[in-house]
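K.L.:
Kindly return the folded structure for what I paste below:
(one chain, ligands or ions: 1)
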Amino acid sequence: MFDTLQDRLASVFKGLRSKGRLTEADIDATMREIRIALLEADVNLGVVKEFVTAVKTRALEAELSKALNPSQQVIKIVNEELVAILGGEARPIRFAKKPPTVIMLAGLQGAGKTTLAGKLARWLKSEKHTPLLVAADLQRPNAVQQLQIVGERAGVHVYAPEPGNGVGDPIEVARGSIAHAEAKLYDVVIVDTAGRLGVDAELMQQAADIKAAVTPHETLFVVDAMIGQDAVNTAKAFDEGVGVDGVVLTKLDGDARGGAALSIARVLGKPIMFASNGEALADFDMFHPDRMASRILGMGDVLTLIEQAEKTFDAEQSRAAAEKLMSRNQFGLQDFLSQMQQLRKMGPMSKILGMLPGAGQFKQAINEIDEREIDRIEAIIFSMTPKERDDVAILNGSRRARIARGAGVEVSDVNKLVNRFVEARKMMESMAGGRFPGMGGMPGM
Ligand code: GDP
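P.N.:
Numbers count the residues shown, from 1 in each chain. Prediction:
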């Protein structure tokens, strides 16, 4: 998502870079281009107008400040206004003083509610909460079962009507779940509700009735970011019919133009609280307007990357690896292997690298990264003995041939890996001390 917008904005900024100072005409021309870029990305017209006016006013005033060059000034202003449009600050869940905190999910069918319920539960669990999932979508065949599967994957209990008791009443189920959570000391209750293909009165009524029955602390409107401007209209309908506290955007990994995602917080006047960017339960995070703006402006999303690294990397192991690296030649392929395996836990390499600043320029190369190549590297290291992993200097011809056979690769592949490792280790030694956890040991990556 946002690829085209990223490219367009990058070329607008590139055009500015050559200019010594900006005239009002330059600023006008730039604003015209930004306006077109946003409209093409499907951003709501009202939001575009407001955005462009704000940036222009500030850009004209900023001419007085000489600390930054013109293109830096414009990028800074665009960034700040983009953050504002996206809602300013991240908005965390407001937990109830007296548990359980009740979170109700509402939205159209296919928006990703059930998947999201699992993602949210998993995330809450990682934040040391004890969530309970509630199956109050009794309309769609298999909805209960789908939630049970998701719950199992997330390792979270699902409260559902007893099988064999007929269809059941979603309002009763929702009400019953609160009593259950109180009795069993769950501290967050996530209520999944039924969606329809389109907005209709009956659907709204059911959502409103469930809401009245459980008085949620947070009613989250879940919306598929790929559906474009309809997302904004549906959000408005739900806000009028049910009342929502925040928005969850799903399918941000899609290739739609994404403008709706950029308009929804401003048009609705409600914060985007979470974003979902893939089918796996881990593809989910709090929504940070500033990080999203950085990503759109091609400044990367280093903060998210660091956070994920901190969650994934074993601090103790990384520190030991960094120390070995600093004492010459101690860092072996075994250390490299464990660091690489930890890195891979963060997700596919293309996704990780995509968060780095300037990643947009290397999009193609990143998309072409072959995970199988990394599998091959692992296979080669796996067929070495611990001694060989520790000291690649002992790898003579016959050892290399044995390793190649074991890994099912050519001897030249083994040579390539060993040479690259030795080269990379030299380079890492010269800049040893790794700036952030785990990243110290990434030779060759
Ligand atoms: P519900 O009808 O609102 O409960 O929607 P579901 O949770 O059943 O999701 C509908 C489809 O969207 C499923 O195939 C999900 O796997 C998929 N889905 C949900 N969230 C995401 C996401 O963030 N990215 C992608 N690519 N697919 C998603």
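
K.L.:
Find the least confident helix or strand in the chain, judged by mean pLDDT.
P.N.:
helix 302-312 (a mean of 65; mean pLDDT, DSSP states H and E).

K.L.:
Which residues does whatever residue of the stretch 151-300 of the chain ends up closest to the ligand form beta bridges with?
P.N.:
Using C-beta to the nearest ligand atom, the closest approach of the stretch 151-300 of the chain to the ligand is made by residue 276 at 3.6 Å. (Each C-beta comes from the backbone N, C-alpha and C, glycine too.) Beta bridges link residue 276 to residue 284 when assigned by DSSP bridges.

K.L.:
what residue ranges in the stretch 201-350 of the chain score low on pLDDT?
P.N.:
Counting by pLDDT under 70, the stretch 201-350 of the chain contains low-confidence residues at 300-313, 315, 318-319, 321-322, 324-329.

K.L.:
and it, which residues reach the ligand?
P.N.:
Within the stretch 201-350 of the chain, the residues that sit near the ligand (C-beta under 6 Å from any ligand atom) are 250-251, 253, 276-279, 283.

K.L.:
make it 5 Å
P.N.:
The stretch 201-350 of the chain has residues 250-251, 253, 276, 278-279 near the ligand, with proximity defined as C-beta under 5 Å from any ligand atom.

K.L.:
For ChimeraX, what selects the buried ones among those residues?
P.N.:
Buried subset of these, written as a ChimeraX selection, criterion 16 or more other C-beta atoms under 10 Å:
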select :250,251,276,278
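
K.L.:
Just the ones of the residues of the stretch 201-350 of the chain next to the ligand in strands?
P.N.:
250, 276 (DSSP state E).

K.L.:
want to throw the residues of the stretch 201-350 of the chain next to the ligand into JSON lines with distance to residue 180?
P.N.:
Below are those laid out as JSON lines (distance: C-beta to C-beta, whole Å):
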{"residue": "250", "distance to residue 180": "27"}
{"residue": "251", "distance to residue 180": "32"}
{"residue": "253", "distance to residue 180": "34"}
{"residue": "276", "distance to residue 180": "27"}
{"residue": "278", "distance to residue 180": "31"}
{"residue": "279", "distance to residue 180": "29"}
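
K.L.:
hey, where'd the strands end up in the stretch 1-150 of the chain?
P.N.:
Secondary structure of the stretch 1-150 of the chain (DSSP state E, counting those that start in this stretch): strands located at 101-106, 131-136.

K.L.:
mean confidence for the last one?
P.N.:
Okay, so that is strand 131-136. Strand 131-136 shows a mean pLDDT of 94.

K.L.:
Tell me the buried residues in the helix or strand encompassing residue 336?
P.N.:
Using DSSP states H and E, residue 336 falls within helix 333-345. Neighbour-count burial for helix 333-345 flags 333-340, 342-344 (criterion: 16+ other C-beta under 10 Å).

K.L.:
Quick one: end-to-end distance for stretch 323-342.
P.N.:
In terms of C-alpha to C-alpha, to the nearest Å, the two terminal residues of stretch 323-342 are separated by 17 Å.

K.L.:
Could you tell me how far it lies from the centre of the chain?
P.N.:
How far stretch 323-342 lies from its chain's middle: 29 Å, per C-alpha atoms, centre = their mean, to the nearest Å.

K.L.:
now stretch 74-89
P.N.:
19 Å.

K.L.:
residue contacts, residue 267?
P.N.:
44, 46-47, 232, 235-236 (C-beta atoms under 8 Å, 6 or more residues apart in numbering).

K.L.:
Go through these and name the one nearest residue 19.
P.N.:
The closest of the contacts of residue 267 to residue 19 turns out to be residue 47 (C-beta to C-beta; 27.5 Å).

K.L.:
Quick check: the gap between that closest one and residue 332.
P.N.:
54 Å (C-beta to C-beta, to the nearest Å).

K.L.:
cool, residue 49 as well?
P.N.:
For residue 49, the distance to residue 332 - C-beta to C-beta - is 60 Å.

K.L.:
With residue 211 instead?
P.N.:
In terms of C-beta to C-beta, residue 211 sits 59 Å off from residue 332.

K.L.:
Please enumerate the strands of the stretch 201-350 of the chain.
P.N.:
Counting by DSSP E, counting those that start in this stretch, the strands of the stretch 201-350 of the chain are 218-224, 246-250, 272-276, 284-286.
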